[in-house]
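# Got a predicted model here, sequence first, then my questions.
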Number of protein chains: 2
Amino acid sequence: MIKNITGSIDFCEHLRGKKATFLLALSNTRTASIEGITQAGIPGKMYLTPTLDSEFVFSGEVRSLGDVAKTSKGVPTPALITRAVHLLNSYGDIELLNLGLEVNPKVQYIKQHNFDITPSEAISDGANIDAQAVFQKGVEFGQNYECKNDYIILAESVPSGTTTAAATAQALGYDCIGKFSSSFKNTPNNVREETIKKALENIDKNEDIFSILGKVSDNMLIFNAGFILGLNNKTPVMLAGGTQMACVLLIVNKILKTMQGCIDTSNLALCTTSWVANDKNSDIKSLIDMNELNINSYYADFNFSLSDHPALKLYDEGEAKEGVGAGGALIYGYLNGLSQEQITKQVEKFLQ
Amino acid sequence: MIKNITGSIDFCEHLRGKKATFLLALSNTRTASIEGITQAGIPGKMYLTPTLDSEFVFSGEVRSLGDVAKTSKGVPTPALITRAVHLLNSYGDIELLNLGLEVNPKVQYIKQHNFDITPSEAISDGANIDAQAVFQKGVEFGQNYECKNDYIILAESVPSGTTTAAATAQALGYDCIGKFSSSFKNTPNNVREETIKKALENIDKNEDIFSILGKVSDNMLIFNAGFILGLNNKTPVMLAGGTQMACVLLIVNKILKTMQGCIDTSNLALCTTSWVANDKNSDIKSLIDMNELNINSYYADFNFSLSDHPALKLYDEGEAKEGVGAGGALIYGYLNGLSQEQITKQVEKFLQ
């Protein structure tokens, strides 16, 4: 089942049975190296997560490390869900957006878009992003992008990305404290709050928007805001993610306000998981309502209640929640006739 | 599951979910009339096998004879597998290549490419093929071929084709004795070896390559070598077959060496069955490694362990093994979300 967060179901329904290009935006921010800030990966090797996720979604193999990226509690990456849907009802194409990676994915034959973007610094150290340049690369990519399928699923893998998203939204003046989710069941508020506090200390609220983004954000958030504006509604897009994708929309909203512009968003929707939509420690609906873009948003009413696997049960308990476009992948699966049972069984096969 | 023989899984993965044109190359060599040399068909009517196979894959009916081609032990043709996949997840198009048939298939609406090629003589009698002309027809077909789908599955049905392939590779100087498979569980070495010996007696190793091929080979092997060279990597191709397709590559390799040429083979792969890949009486990996073309190769990890049907069990015991693109068809099925169970059930329906 696909359920609404905001708007009507019609956007999803008009994509039923259609093929999507799965665009996976990958980036490293050194914020992820701050101890205890995320569990989206292997302690000490968080920077490998986007690399490993993309390898696994495309090839079914993890090549830059011996095993699938797991969190310290043994929660497997949501890439398992994204890959499971691909095996059962494939995406039309998968393409990778390299938005600053420490380690390039070891994959052949897949389209990899490179933008000469380097990993960003920790936001506690000022991030050091040329936000205007990264944004402009996103705009140009959107303007020139020709989708070979019916629509785009835009996903991301950015460890510690919810922290940079929360800092970004706060820095842009949104009233959003406590509304961003994390990969933990119980958000490690001390480390996270401390990091965000340090990030916000680096900015002066009178700075221009790109100067602010360059200090508190990450490449994925900035690039994708540009991509959406450059694409300008010409192709339907599912922003496949949780509060990070909500932050992309908040950036778009802020830029439009600053420039006194407006865009048609009828072809734009946000798609996430039930774990994000029903999370008690965050509030994605509020984050979506906070912008003036009138965005349709959805979640896949999927959980692991049909599985006995202890690692998958952790999702239902609130660990991991989203990433690698898992929510959008599930909705794509549902729009193509897959069942919760089929997807669950396929995910379980990866863990055997 | 798709497994590697050589190379990486990426070539297959980038074709996941995509549509293929199924090109079925059909040819008769009178080598098949030598008693006991093959069990790919009906004793005394071996020449009908490619005709019947193509009728069945396309229409589900065998029209040029009353019943599906069976071997003398009752092993049904691998065309059942190829047809089963087509029913469950169809090929984009099926096209027939008539490379010298005794009896034309009785099918309408399907594209049949005719090249004015006649069946070849038994290799023990010198084959009598104008190899240069057949090769040139393959080159021109490849140069002009426009694939209407995302890639090509190139399959074959040539009774006694492993014998002509073994003779061809030996005649070209490859060290390959004992590496070619046969349709028998226990290869009938006496008849086969005797036939190959007679074929090799007809050639002088100083003859030029086309003169040699004209005496020891078959039309399918020669034409497809030309086709690959003419196509020149412009479309992804799965060579769907076992050691016969490996021989096509050995011919390509030899021609390139003779002409001091080279080609990009990144869009070329060989796809076969587990029965060939795991056959103890042949060695496809060695045949693939023997050329210098760096070919990705795969097998479909499919068997009939989920079936109780005695005729299908014979496959798992080593009879039949491959043909009519069965291995490539299974990989196509797997790349489009089919399961071993679904394919097995569909094949069983044909035998009810």
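Arrived safely.
# From A:Lys345, how far out is A:Ser307?
A:Ser307 sits 8 Å away from A:Lys345, going by C-beta to C-beta, to the nearest Å. C-beta: built from backbone N, CA, C; applies to glycine.
# and A:His113, what element?
strand A:111-114 (DSSP states H and E).
# got a list of what the closest residue to chain B within the stretch 51-200 of chain A touches?
Per C-beta to the nearest C-beta, A:Ser90 is where the stretch 51-200 of chain A lies closest to chain B, at 2.7 Å. Contact partners of A:Ser90, counting by C-beta atoms under 8 Å, 6 or more residues apart in numbering or on different chains, are B:Arg16, B:Gly17, B:Lys18, B:Leu335, B:Asn336, B:Gly337.
# cutoff 7 Å now
B:Arg16, B:Gly17 (C-beta atoms under 7 Å, 6 or more residues apart in numbering or on different chains).
# got it, and A:Thr51?
A:Thr51 touches A:Ser64, A:Leu101, A:Val103, A:Pro105, counting by C-beta under 7 Å, 6+ apart.
# So the third one sits against A:Leu48, correct?
Yes. Distance between A:Val103 and A:Leu48: 6.2 Å, which falls inside the contact criterion (C-beta atoms under 7 Å).
# So between these two, which is more surrounded?
A:Leu48 (21 against 15; other C-beta atoms under 10 Å in any protein chain shown).
# rewinding a little: where does the residue of the stretch 51-200 of chain A closest to chain B land on pLDDT?
Note for A:Ser90: predicted pLDDT of 97.
# Now do the buried residues in stretch A:178-195.
A:Lys179, A:Phe180, A:Ser181, A:Ser182, A:Ser183, A:Phe184, A:Lys185, A:Thr187, A:Pro188, A:Arg192, A:Thr195 (16 or more other C-beta atoms under 10 Å in any protein chain shown).
# cool, stretch A:250-264 as well?
Applying a neighbour-count criterion of 16+ other C-beta under 10 Å, one finds A:Leu250, A:Ile251, A:Val252, A:Asn253, A:Lys254, A:Ile255, A:Leu256, A:Ile263 buried in stretch A:250-264.
# Next, format the residues you listed as TSV and append distance to chain B.
Output for the buried residues of stretch A:250-264, formatted as TSV (distance: C-beta to the nearest C-beta, whole Å):
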residue	distance to chain B
A:Leu250	34
A:Ile251	33
A:Val252	31
A:Asn253	35
A:Lys254	38
A:Ile255	35
A:Leu256	36
A:Ile263	32
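# can those residues go into TSV with extra columns for distance to A:Thr243?
Converted to TSV, those look like this (distance: C-beta to C-beta, whole Å):
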residue	distance to A:Thr243
A:Leu250	10
A:Ile251	13
A:Val252	15
A:Asn253	15
A:Lys254	16
A:Ile255	19
A:Leu256	20
A:Ile263	21
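# picking up where we left off before, next up, phi/psi of the residue of the stretch 51-200 of chain A closest to chain B, please.
Phi and psi for A:Ser90, reported as degrees, to the nearest 10, are phi -70, psi 150.
# so where do the strands sit in the stretch 201-350 of chain A?
In the stretch 201-350 of chain A, the strands defined using DSSP state E, counting those that start in this stretch lie at A:237-240, A:268-273, A:296-300.
# residues from the stretch 251-352 of chain A in reach of chain B?
Not one residue of the stretch 251-352 of chain A sits near chain B, judged by C-beta under 7 Å from any C-beta of the partner chain.
# any idea where the helices of the stretch 251-352 of chain A begin and end?
Applying DSSP state H, counting those that start in this stretch to the stretch 251-352 of chain A gives helices spanning A:274-277, A:284-289, A:310-316, A:326-335, A:340-350.
# Let me have the ones you listed in a markdown table, extended by mean neighbour count and mean pLDDT.
Formatted as a markdown table, the helices of the stretch 251-352 of chain A follow (neighbours: other C-beta atoms under 10 Å in any protein chain shown; pLDDT from 0 to 100):
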| stretch | mean neighbour count | mean pLDDT |
| --- | --- | --- |
| helix A:274-277 | 23 | 96 |
| helix A:284-289 | 20 | 97 |
| helix A:310-316 | 18 | 91 |
| helix A:326-335 | 28 | 98 |
| helix A:340-350 | 18 | 96 |
